[in-house]
Structure formats: C-alpha cells, structure tokens
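Asker: Return a 3D structure for these sequence lines:
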Amino acid sequence: MPMSPRSHSLIFRFRRALLWLWQQEGTPGQRARGFAVGVFCGCFPLFGLQTLLGIILASLCRGNRLLAAMGTWISNPITYVPLYWANYQIGCFLLGQSLNFEEVNELTVSSIWNQGWIFSNRLLVGCTFVGGILGLIAGLTIYSLLTNQFIIRKYREKHFN
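Answerer: Predicted coordinates for the structure are as follows:
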C-alpha cells in the first residue's frame, strides 16, 4: 500500500529532526539532559525566563544548552492555558482542595493575599510535578533515539558510505 503524501511528509520531518539531533554537540546523555531540563523549565509560568533558566540548569547538569532552549518551547501561546490549567489541577490534587472564593463584599487585603498564596502554591507544585514527569519522559525518549543501534547503523550507512 503506497504512503499518502501527508504520512511521507511526517516521516521526512521526523528524519530531519533526528538528523538535527545527531548533529548537536555532546554525548547522547548530554543532549538528552539538556532537552529534559528545557522541558522541565518550560512547564513553569516564568514567561521570558524559561529559556534563560533552562540554559542555566543545562549548564549546571552538563547538558546541551541549545536543546535546553528548544525544550522550553513545550509552553507556547497555544499550550499555555491547557498546560498551566493541568498543572494547577494536579497541584490541587497533590495538596488538597482548590481555592474557595469568598464573596466580594467579604474580601479583605489579608484574604486576597492568602488566596494568592494558595493559588501559587498549587500551581508551582503542579508545575514541578508535571515538569519532572515530562522532562523525564522527554530525556529518556531522546536518549533512546540517540542510542538505538538500528538508527545508528542506518545513519552511518547513509552518511559515511
């Protein structure tokens, strides 16, 4: 059965992405650590600082800094709302109930700060948990792709023969 043009295009893009990964500097472990750290940092709502934080953490754990910056793209204008909503919900599950909003006429400055602190705690716990899980999955996936003997053999046959 012949491949559809769309599936051929997806396979072509996957191969190009894999080739790009192969061309990055560092060992497969360094590349995987860099990407994993980037995905972890991308799960936090630190708009504008995610890439910088990813590069710093990749440097600290001897990961590839370019792949760390790329990994932070897990959060982008399309994924912000679903990602942070899921992070908040997971934080609520891990820490207990969600916020109980008070009536507007009963709000005080103290209760507003308390509500903000509760919301922030749940969001950050959820971001840490989700970021850790997604970072681990991303790092293991990249590492397994880069160390797969079948893929290595095909790459060497195509580029060194």
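
Asker: mind checking how far the nearest residue to Phe40 once chain neighbours are set aside is from Tyr143?
Answerer: Of all residues not flanking Phe40 in the chain, Gly135 sits nearest, at 3.6 Å (C-beta to C-beta, 6 or more residues apart in numbering). For the C-beta atoms, the positions are set from N, CA and C on the backbone; glycine is no exception. The spacing between Gly135 and Tyr143, counted by C-beta to C-beta, to the nearest Å, is 12 Å.

Asker: Over to Ile74?
Answerer: Distance, Ile74 to Tyr143, using C-beta to C-beta: 17 Å.

Asker: picking that back up, state the pLDDT value of the residue nearest to Phe40.
Answerer: Gly135 carries a pLDDT value of 96.

Asker: Can you say which helix or strand has it in it?
Answerer: Using DSSP states H and E, the element containing Gly135 is helix 109-147.

Asker: Buried by neighbour count: which residues of that helix qualify?
Answerer: Under the neighbour-count criterion of 16 or more other C-beta atoms under 10 Å, helix 109-147 has 118, 122-123, 125-131, 134-135, 138-139, 142-143, 145-146 buried.

Asker: elements contacting that helix?
Answerer: For helix 109-147, the packing partners by 3 or more C-beta pairs under 8 Å, 6 or more residues apart in numbering; DSSP states H and E come out as helix 5-22, helix 28-42, helix 65-71, helix 80-95.

Asker: ok, the most centrally placed residue in the chain - contacts?
Answerer: The centre of the chain sits closest to Val39, judged by C-alpha atoms, centre = their mean, with a distance of 2.1 Å. Neighbouring residues of Val39 by C-beta atoms under 8 Å, 6 or more residues apart in numbering: 71-72, 74, 131, 134-135, 138-139.

Asker: Show me which pair in these is furthest apart.
Answerer: Thr72 and Gly139 (13.9 Å; C-beta to C-beta).

Asker: circling back: tell me which of the helices and strands packed on helix 109-147 is the most buried.
Answerer: Comparing those by mean neighbour count (mean count of other C-beta atoms under 10 Å), helix 28-42 comes out on top with a mean of 26.

Asker: quick one, that helix and helix 80-95 angle?
Answerer: Here the directions of helix 28-42 and helix 80-95 differ by 90 degrees (axes from the mean of the first three to the mean of the last three C-alpha atoms, to 10 degrees).
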